[in-house]
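Engineer: could you look at this predicted model? Sequence included:
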Amino acid sequence: MSRFGDATAVERVGEGRYRVELDGAFGFAEALNGGYLMAVLARAAVDASPHRHPVATCANFLRVAKAGPAEVRVEQRKTGRTATAAHVSLVQDDRVAVDALITTADLAPDAEPDWVGAPPSPPLPPVERCKHVEPSERDRGFADHVELHFDPATLGWLDGRPSGRPECRAWFRLRDPYEPDAFALALAVDALPPVVLNTGAKGWAPTVEMTWHMRAVPAPGLLELHGRGRMVTGGWFDEEVEVWDSAGRLVAQSRQLARVGRPPSR
């Protein structure tokens, strides 16, 4: 197993119950990344299901999950030949940190879409023309395991010149020898910096709810992440992300509602 594989591993300890050891390397400061947590939940949901892929996940983030032991509880709601629906919770210190509904199904690796819309516009520049940002000490753990190369047009917020458009685009891969799969997609849909940074917001932007869909089994290689928002209002913003694989296929989509970040306290 790779570091990511180990970090998302679940151990069945009873009917619908799994022991996990949450890895602080997949977080920022003391807060673990939401995509990482969804990958952990997805592993438990798939293990408890007759189906192989988490095709739809709706997760509510109730409180901050931290590194260390936790439990995942899976309650089957409906099991069928085509899909299985389950209520999946991450419990830490006797409190639910993440509550999710996960639907599992089987996707054929060689399936071709009957119809697909146009690729994202503007396109992501080639990786050699994108910018790798050296992380701060606060972000060091996550960046040691996740490699992102950003479209320079979406990095104005780093220089104090935000574009005014809530958007972010980047190439993504795990630094491990770990090729994209369903669980890496769960991480990828929440790997970008908050798009609201390009409207002038600063600080941590906690996700309240995220829904993501796995649309296809990804091909090996880099993934393209295209993030954008539609509205920032009253301390809330939305963020949509599309993930495209090295074969030019749309493999995942997400939408989240989050709180606008506040500057770090001095």
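Structural biologist: All right, it came through fine.
Engineer: A7 touches G27, doesn't it?
Structural biologist: No: at 10.4 Å, A7 does not count as touching G27 under the criterion of C-beta atoms under 8 Å. (Glycine included, C-beta is placed from N, CA and C.)
Engineer: what do those two both touch?
Structural biologist: Counting by C-beta atoms under 8 Å, 6 or more residues apart in numbering, the common neighbours of A7 and G27 are Y36.
Engineer: point out where the stretch 51-200 of the chain drops to low pLDDT.
Structural biologist: For the stretch 51-200 of the chain, the stretches with pLDDT under 70 are 135-140.
Engineer: how many neighbouring residues does the closest residue to E71 other than its chain neighbours have?
Structural biologist: Spatial nearest neighbour of E71, excluding adjacent residues (C-beta to C-beta, 6 or more residues apart in numbering): V91 at 4.7 Å. Counted with other C-beta atoms under 10 Å, the neighbours of V91 add up to 17.
Engineer: partners of the helix or strand that contains V91, with directions?
Structural biologist: Under the criterion of DSSP states H and E, V91 resides in strand 83-92. With DSSP bridges as the test, strand 83-92 is paired with strand 68-79 (antiparallel), strand 95-105 (antiparallel).
Engineer: what does it contact?
Structural biologist: With C-beta under 8 Å, 6+ apart, strand 83-92 has contacts from 20, 22, 37, 40-41, 44-45, 48-51, 55, 65-66, 68-78, 96-105.
Engineer: please redo it, this time with the cut-off set to 7 Å
Structural biologist: Identification of contacts with strand 83-92 by C-beta atoms under 7 Å, 6 or more residues apart in numbering yields 37, 40-41, 44-45, 48-51, 65, 70-78, 96-105.
Engineer: do stretch 169-182 as well
Structural biologist: 2-5, 42, 53-54, 124, 127, 130, 145-151, 154, 184, 188, 191-192, 214, 218, 220, 222-227, 245.
Engineer: identify the residue nearest G16 in space, chain neighbours excluded?
Structural biologist: G16 sits nearest to V74 (C-beta to C-beta, 6+ apart), 4.5 Å away.
Engineer: what's near enough to touch that neighbour?
Structural biologist: With C-beta under 7 Å, 6+ apart, V74 has these contacts: G16, A44, A45, A48, A86, V88.
Engineer: list the beta-bridge partners for it.
Structural biologist: Counting by DSSP bridges, V74 forms beta bridges with V88.
Engineer: how close does it get to W115?
Structural biologist: Distance from V74 to W115, counting by C-beta to C-beta, to the nearest Å: 34 Å.
Engineer: now P109
Structural biologist: For P109, the distance to W115 - C-beta to C-beta - is 19 Å.
Engineer: quick one, which of those two is more surrounded?
Structural biologist: It is P109, of P109 and W115, that has more neighbours when counted by other C-beta under 10 Å, with 8 against 4.
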